[in-house]
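>>> Coordinates only, no sequence provided:
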């Protein structure tokens with residue numbers, strides 16, 4: 001299957017690639033295209049905006065967490081029925097793990113054999129922009145860059161100083177527009193379900209970019225192999241509750257799809273407003289529980305989760321979900337949480353961890369089996385203080401975790417971790433099996 005596709009890369013973080021990528025998605029949707037969005041890296045927030053703009057679930061493409069075959073599999077599964085795929089990059093085009101280009105935008109472009117449009121911030125430059133573009137164009141000859149989009153041009157004269165000397169076509173000239181932006185908070189941009197000027201950004205891009213040239217560039221992408229041979233349908237084996245609301249909204253869509261393909265019936269509920277539904281396991285992702293602590297403390301679901309955990313309900317909490325499973329969270333004042341895990345949490349003003357994680361299950365706990373590997377990402381502004389006799393199931397070879405390179409705090413059949421994990425088939429089988437076992441009790 002040949003899928004027209006284009007990667008939107010940047011020279012560096014903050015050059016405008018998120019604005020350009022989202023604007024291109026919105027502008028093409030407005031023209032009637034079915035656009036499948038993707039995001040390079042482990043980010044949750046940008047994909048939420050892509051999904052809102054395109055009406056199709058955005059997916060992460062991350063060779064560190066997924067492997068190259070996993071990236072191809074996700075790309076093919078998600079792109080079915082689309083007219084074009086737009087992949088937003090991460091950081092600068094060649095910025096990957098530990099100073100390499102592994103898991104970089106360039107790496108994903110090579111995996112997808114996709115052409116790249118380079119977003120260049122022209123603020124404060126004229127002739128120097130050519131040296132910058134030349135460096136990116138020649139640094140890796142395996143990457144095809146059919147054009148650039150020049151962002152934050154100051155005036156028609158500024159453009160006139162640059163355009164005649166470009167070595168590759170400019171597919172767009174975006175003027176400075178500081179009044180059109182998506183608001184941010186401590187973990188990054190606000191989420192896609194919150195008000196944002198998506199239409200205004202799409203109109204800006206449509207006015208100042210050659211959309212036909214962008215689509216033509218995407219259509220030059222050749223066929224790529226698909227490791228996906230199709231799935232045999234699996235009957236529903238157990239119900240797994242997914243905590244999903246404004247407090248808990250960080251989920252990799254691939255994780256939810258893999259659970260469903262493995263026999264889980266997904267039941268979405270809000271711990272803020274809903275009672276705990278009749279389910280056989282619960283998955284609580286990350287998000288912004290710190291913004292809703294009084295509401296969570298008084299929610300009926302909070303006490304119901306505690307009772308369910310006492311009855312051995314399998315529960316997985318990640319980052320924000322880990323905080324919710326603790327006894328209390330301190331942010332100016334203390335707020336009681338579920339108390340399922342033997343620990344307390346303190347919100348901090350400084351970031352406590354940011355980066356990829358990788359660990360191995362060295363102590364069997366709850367639904368984790370010995371020898372399982374866990375890969376993912378951590379990013380949080382909180383500290384967790386576990387009891388002295390707390391038990392952990394994960395030993396990290398990369399990342400900080402909860403403390404001393406340990407993650408996966410265990411109590412009864414509940415596990416909480418700072419790692420936002422990209423689920424492996426082995427883990428999903430064990431989690432669904434735990435749910436099935438609970439359903440029979």
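That came through fine. Note that the coordinates shown come from a computational prediction; the quantities given were computed from them, not determined experimentally.

>>> wait, what's in contact with the closest residue to residue 139 other than its chain neighbours?
Using C-beta to C-beta, 6 or more residues apart in numbering and skipping residues adjacent in sequence, the residue nearest residue 139 is residue 94, 6.6 Å away. In this view, the C-beta of every residue, glycine as well, is placed from N, C-alpha and C. Residue 94 is in contact with 101, 104, 105, 106, 139, 140, counting by C-beta atoms under 8 Å, 6 or more residues apart in numbering.

>>> ok, residue 94 to residue 120 distance?
Noted for residue 94: a distance of 14 Å to residue 120, by C-beta to C-beta, to the nearest Å.

>>> so how far is residue 150 from residue 80?
The gap separating residue 80 from residue 150 is 34 Å, by C-beta to C-beta.

>>> Looking at these two, which has the bigger crowd around it?
Ranked by neighbour count (other C-beta atoms under 10 Å), residue 80 and residue 150 place residue 150 first, with 26 against 10.

>>> Tell me which residues touch the more buried one, please.
By C-beta under 8 Å, 6+ apart, the contact list for residue 150 reads 120, 122, 129, 159, 162, 170, 172, 173, 174.

>>> Name the helix or strand for it, please.
strand 147-153 (DSSP states H and E).

>>> Adjacent strands (with direction) for that strand?
Applying DSSP bridges, strand 147-153 is found paired with strand 116-121 (parallel), strand 170-175 (parallel).

>>> That strand - what's its average pLDDT?
Averaging pLDDT along strand 147-153 gives 95.

>>> Output the lowest mean pLDDT helix or strand found in the chain.
In the chain, the helix or strand scored least confidently by mean pLDDT, DSSP states H and E is strand 184-185, which has a mean of 44.

>>> Can you list the low-confidence ranges for the protein?
1, 178-196, 228-230, 233 (pLDDT under 70).

>>> by contact count, what packs against the lengthiest helix in it?
Assignment by DSSP state H gives helix 63-79 as the longest helix of the chain. On a contact count with 3 or more C-beta pairs under 8 Å, 6 or more residues apart in numbering; DSSP states H and E, helix 63-79 meets strand 35-40, strand 59-61, strand 84-88, helix 105-112, helix 253-261, strand 373-380.

>>> buried sites along the last one?
I take that to be strand 373-380. 374, 375, 376, 377, 378, 379, 380 (16 or more other C-beta atoms under 10 Å).

>>> for the residues you listed, which one is nearest residue 207?
Nearest to residue 207, judged by C-beta to C-beta, of these is residue 379 at 34.9 Å.

>>> what helix or strand does the closest residue to the closest one other than its chain neighbours sit in?
Take residue 379 and drop its neighbours on the chain: the residue closest to it by C-beta to C-beta, 6+ apart is residue 354, 5.0 Å away. Using DSSP H and E, residue 354 falls within strand 353-361.

>>> about what we covered before: tell me how far the residue nearest to residue 139 lies from residue 211.
Applying C-beta to C-beta, the value for residue 94 to residue 211 is 27 Å.

>>> Please apply the same query to residue 38.
In terms of C-beta to C-beta, residue 38 sits 19 Å off from residue 211.

>>> more neighbours, the two?
Here residue 38 and residue 211 are compared on neighbour count by other C-beta under 10 Å; more neighbours surround residue 38, at 26 against 17.

>>> Now do the contacts for the nearest residue to the more buried one once chain neighbours are set aside.
Leaving aside its chain neighbours, residue 38 sits nearest to residue 87 (4.3 Å; criterion: C-beta to C-beta, 6+ apart). Residue 87 sits next to 5-8, 37-40, 61, 108-109, 112, 114 when contact means C-beta under 8 Å, 6+ apart.
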